[in-house]
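Trainee: Quick check, what structure comes out for this input:
(chains A and B)
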Amino acid sequence: MTNRKTDMTPDSTTRALADALTRRAPGDDRLAAVNAALLERAENEGLVDIAYAQVDSPYGELFLAATSRGVVALGLPNRPADDMVQRLAAEVSPRIMEAPARLDAPRRELDAYFEGKLRDFSVPVDWSLTRGFTDRALHVVAGIPYGRTLSYTEVADRAGNRKAARAAGTACATNPIPLIVPCHRVLPASGIPGNYGGGPEMKRSLLELEGSLPG
Amino acid sequence: MVKSKPVRSAPKLPPFQELLDEHGRDVLGFLIASVGPDEAEDCYQEALIAALRSYPGLDHGDNLRGWLLTIAHRKAIDHHRSRSRGALPAGSADEVGGGVAVRDRGLDAAEADGSLWRAVGTLPPKQRSAVMLRFSADMAYRRIGELLDCSPDAARRNVHEGLKKLRGELA
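Mentor: All right, here's what the predicted structure looks like:
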């Protein structure tokens, strides 16, 4: 141990080693291939509690997430997807992975809906992110048929509290699964389309698609 | 409870995908260095499946990079044991230093690193792990000691002995 001090000092070998190790980081293609194999096995072993993906729509990219029970979250184009991923990790399960194949069924139904070829979504919904009155109000919203609308007061009434129109509005504003739980079919008493998570223009456009744009 | 809604008293853990995005490359790089390029992918899958399995039960979200590398290290050790041989068999050091490197980043750098990787491949397994964890994973001696089941001082000695041998090999 005569040379201990030298041993403690980063020297050319140490630097070369560190450099070499850094540069040896596997390339993108290789990493993508091993991660794809990993995802497939994780799915087969039931270790992915939540799968998510970005999917195209006429309004921009949507965020979609599903558990084994059904679609648990849908993010409209102007909502940051990472916020949704973080929220799902914290509130539902941290075993959340980007796994587009698992979102094929809701993606296809959304495509058909935007083309006017699908009126009723058949993909199941996972209500893990809703609680209390919001949960009850959104179950009412989920039952509003294509082409029909309700007022916030009517939703509140059907959810068990006629005076809770404002809370019904909050429920719609925090709806974790818009489109599939069609909060765009809930309108202010004045009859104008009103606000929407994807912007008022998107709400107007969806109502127009469904033939229920108020005069 | 009408519906079973998860009640999590557990600490806030980041999305697993985020762990994979941030540390997956380093875990794979560490394993390529530890067990060689051919076996690294199996070890990587074993390690991350094990991580995913136990992830929701973690009691804190501190140093998740170290946690992943710890699991990867254990898988590498399992691999060594099951093969009852060193990580980089003498004959394959050239391939490791040359083959993968050439694919990943071009010939010149590979030539420059070839001798270094051949030298790393000749280290005894414990020194090789200690050196790899120190420089590939940037791990503290205390943590390396935990992984290698020895004291921080012993971990430091393993790193320094390993480096000394490398200097000798490369001199």
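
Trainee: Give me the neighbour count for the nearest residue to B:G162 once chain neighbours are set aside.
Mentor: In space, B:G162 comes closest to B:Q127 once its chain neighbours are excluded; the distance is 3.7 Å by CB to CB, 6 or more residues apart in numbering or on different chains. Where you see a C-beta, it was placed from the backbone N, CA and C, and this is true even at glycine. The criterion is other CB atoms under 10 Å in any protein chain shown. On that basis, B:Q127 has 22 neighbouring residues.

Trainee: And for the one 3 residues further on?
Mentor: A count of neighbours around B:A130, defined by other CB under 10 Å, yields 29.

Trainee: and what of the one 10 residues further on?
Mentor: For B:A140, the count of nearby residues is 14 (other CB under 10 Å).

Trainee: quick one: pLDDT of it?
Mentor: The pLDDT attached to B:A140 in the predicted structure is 83.

Trainee: What of the one 4 residues further on?
Mentor: Looking at B:I144, its pLDDT stands at 84.

Trainee: Please verify my assumption that it contacts B:H160.
Mentor: No - under the criterion of CB atoms under 8 Å, B:I144 is not in contact with B:H160, lying 11.9 Å apart.

Trainee: Tell me the buried residues in the helix or strand hosting the residue nearest to B:G162?
Mentor: Secondary structure from DSSP states H and E places B:Q127 in helix B:125-135. The neighbour-count criterion (16 or more other CB atoms under 10 Å in any protein chain shown) identifies B:125-135 as the buried residues of helix B:125-135.

Trainee: Just the CA trace of it, in PDB.
Mentor: In PDB, the C-alpha atoms belonging to helix B:125-135 read as follows (Å, rounded to 0.1, in the frame of the first residue of the first chain):
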ATOM      1  CA  PRO B 125     -15.400 -11.200 -10.200                       C
ATOM      2  CA  LYS B 126     -15.600  -9.300  -7.000                       C
ATOM      3  CA  GLN B 127     -13.100  -6.700  -8.200                       C
ATOM      4  CA  ARG B 128     -14.700  -6.500 -11.500                       C
ATOM      5  CA  SER B 129     -18.100  -5.900  -9.900                       C
ATOM      6  CA  ALA B 130     -16.700  -3.300  -7.500                       C
ATOM      7  CA  VAL B 131     -15.000  -1.400 -10.400                       C
ATOM      8  CA  MET B 132     -18.100  -1.600 -12.500                       C
ATOM      9  CA  LEU B 133     -20.400  -0.400  -9.700                       C
ATOM     10  CA  ARG B 134     -18.100   2.400  -8.900                       C
ATOM     11  CA  PHE B 135     -17.700   3.700 -12.400                       C
END
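
Trainee: is the helix or strand just after it anywhere near chain A?
Mentor: Scanning forward in sequence from helix B:125-135 by DSSP H and E, the next helix or strand is helix B:141-148. No - contact between helix B:141-148 and chain A, assessed by CB under 8 Å from any CB of the partner chain, is absent, since the two come no nearer than 11.5 Å.

Trainee: what about B:Q17, which helix or strand?
Mentor: With the criterion set as DSSP H and E, the secondary-structure element containing B:Q17 is helix B:16-35.

Trainee: tell me the angle that helix makes with helix B:125-135.
Mentor: If you take axes from the mean of the first three to the mean of the last three CA atoms, to 10 degrees, helix B:16-35 sits at 140 degrees to helix B:125-135.

Trainee: Three-state assignment for A:L138, please.
Mentor: Look at A:L138: counting by DSSP: H, G, I helix; E, B strand; the rest coil, its state is helix.

Trainee: does it really touch A:I180, like I thought?
Mentor: No - using CB under 8 Å, A:L138 and A:I180 do not qualify as a contacting pair, with a distance of 10.6 Å.

Trainee: which one of these two has more residues nearby?
Mentor: Set A:L138 next to A:I180 and count neighbours by other CB under 10 Å: A:L138 wins out with 27 against 19.

Trainee: hey, C-alpha coordinates of stretch A:40-56 in PDB?
Mentor: Only the C-alpha atoms of stretch A:40-56 are listed here, as PDB (Å, rounded to 0.1, in the frame of the first residue of the first chain):
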ATOM      1  CA  GLU A  40     -44.300  -8.400 -23.700                       C
ATOM      2  CA  ARG A  41     -43.200 -10.600 -20.800                       C
ATOM      3  CA  ALA A  42     -44.400  -8.200 -18.100                       C
ATOM      4  CA  GLU A  43     -47.800  -8.200 -19.800                       C
ATOM      5  CA  ASN A  44     -47.900 -12.000 -20.000                       C
ATOM      6  CA  GLU A  45     -47.100 -12.200 -16.300                       C
ATOM      7  CA  GLY A  46     -49.800  -9.700 -15.400                       C
ATOM      8  CA  LEU A  47     -47.300  -7.200 -14.000                       C
ATOM      9  CA  VAL A  48     -48.500  -4.100 -15.900                       C
ATOM     10  CA  ASP A  49     -51.400  -2.700 -13.900                       C
ATOM     11  CA  ILE A  50     -51.900   0.200 -16.200                       C
ATOM     12  CA  ALA A  51     -51.100   0.500 -19.900                       C
ATOM     13  CA  TYR A  52     -51.000   3.900 -21.600                       C
ATOM     14  CA  ALA A  53     -50.500   5.300 -25.000                       C
ATOM     15  CA  GLN A  54     -50.900   8.500 -27.100                       C
ATOM     16  CA  VAL A  55     -53.400   8.100 -29.900                       C
ATOM     17  CA  ASP A  56     -54.300  10.300 -32.800                       C
END
